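Participant: Starting from these lines, generate the structure:
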Amino acid sequence: MRPVNERRRGELADAAIEVAVREGLHGLSHRAVDEAAGVPRGTTSNYFRSRDSLLEATQRRLMDLHFDLMEQFRARSDGLVDSVSGVLEHALTQYPGRYLVMLELALKSTRDPDTRLAFVGLTGDAMERTYQAHDVDRDVSAKDVQMLIVFYNGLLFTSLVMPEILADRSPGELTREALEKLLSISGETP
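Facilitator: Next comes the predicted model:
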């Protein structure tokens, strides 16, 4: 068996994200990824044998890109509030399509058992990575991480699907305000 070319695999996952951002999940196919990546027809199906494996690779790559962004902001931010609000603001202003695809994949997983299985595995990874990222700055529990993820995903959803609810406030501004309120209620320093 031939070794897997991880660089090519990553390039194909990036091309899959481009296709999904442009056309939605319904437009994501092996052939569309081949075209977007500029590779010979059949290349994507050599790396991802089924549509489910292509969806899983897309989801995993989106998660990796998100955690890379999180790490960049955490490294240069002044604490949790600054980091989370900065990531959310940047994500939604620079990469809204990526996050819309993440939401599409999450919604698809509620009706498709194969997608659900992959999604549950990736969610566990996301919980652990979020816990590790925020445990550096403060003592956080698994419940804290769970609440942060629920809050974060709710704000992502609202910002992308119902932006009029935010009125004139940016997602980062709203995140900062909400986290500062929550932390002051709990008696922690933001």
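Participant: Got the domain ranges for the chain?
Facilitator: Split into domains by the TED database, the chain comes to 1-49, 58-187.
Participant: Which strand or helix spans Ala178?
Facilitator: helix 171-185 (DSSP states H and E).
Participant: any residues touching that helix, and which ones?
Facilitator: For helix 171-185, contacts defined as C-beta atoms under 8 Å, 6 or more residues apart in numbering pick out 80-82, 84-86, 88-90, 92, 151-152, 155, 159, 166, 169, 189-190. Yep, even glycine has a C-beta here, placed from its N, CA and C like the rest.
Participant: at 10 Å instead, please
Facilitator: Residues outside helix 171-185 that contact it (C-beta atoms under 10 Å, 6 or more residues apart in numbering) are 79-93, 138, 147-148, 151-152, 154-156, 158-160, 163, 165-167, 169-170, 188-190.
Participant: returning to that earlier point: which one of the domains of the chain has the poorest average confidence?
Facilitator: Sorting those by mean pLDDT places domain 58-187 lowest, at a mean of 84.
Participant: Put together TSV for the domains of the chain, with mean neighbour count on each row.
Facilitator: Below are those laid out as TSV (neighbours: other C-beta atoms under 10 Å):
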stretch	mean neighbour count
domain 1-49	16
domain 58-187	16
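Participant: Surely Gly42 is in contact with Glu35?
Facilitator: No: Gly42 sits out of contact with Glu35 when judged by C-beta atoms under 10 Å, with a separation of 11.9 Å.
Participant: With only the CA atoms kept, save stretch 97-111 in CSV.
Facilitator: What follows is stretch 97-111, C-alpha atoms only, in CSV (Å, rounded to 0.1, in the frame of the first residue of the first chain):
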residue,chain,number,x,y,z
GLY,A,97,-18.0,31.1,5.1
ARG,A,98,-15.9,28.6,7.0
TYR,A,99,-18.0,29.0,10.1
LEU,A,100,-21.2,28.7,8.0
VAL,A,101,-19.9,25.4,6.6
MET,A,102,-19.1,24.2,10.2
LEU,A,103,-22.8,25.0,11.1
GLU,A,104,-24.0,23.2,8.0
LEU,A,105,-22.0,20.1,9.0
ALA,A,106,-23.3,20.2,12.5
LEU,A,107,-26.9,20.4,11.3
LYS,A,108,-26.3,17.6,8.8
SER,A,109,-25.0,15.4,11.6
THR,A,110,-28.4,15.6,13.3
ARG,A,111,-30.0,13.6,10.4
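Participant: Just give me the residue right at the centre of this protein.
Facilitator: For the chain, the residue nearest the mean C-alpha position is Met63 (4.4 Å; C-alpha atoms, centre = their mean).
Participant: Is that residue in contact with Ala106, as I believe?
Facilitator: No: because the distance of 11.3 Å does not satisfy C-beta under 10 Å, Met63 is recorded as not touching Ala106.
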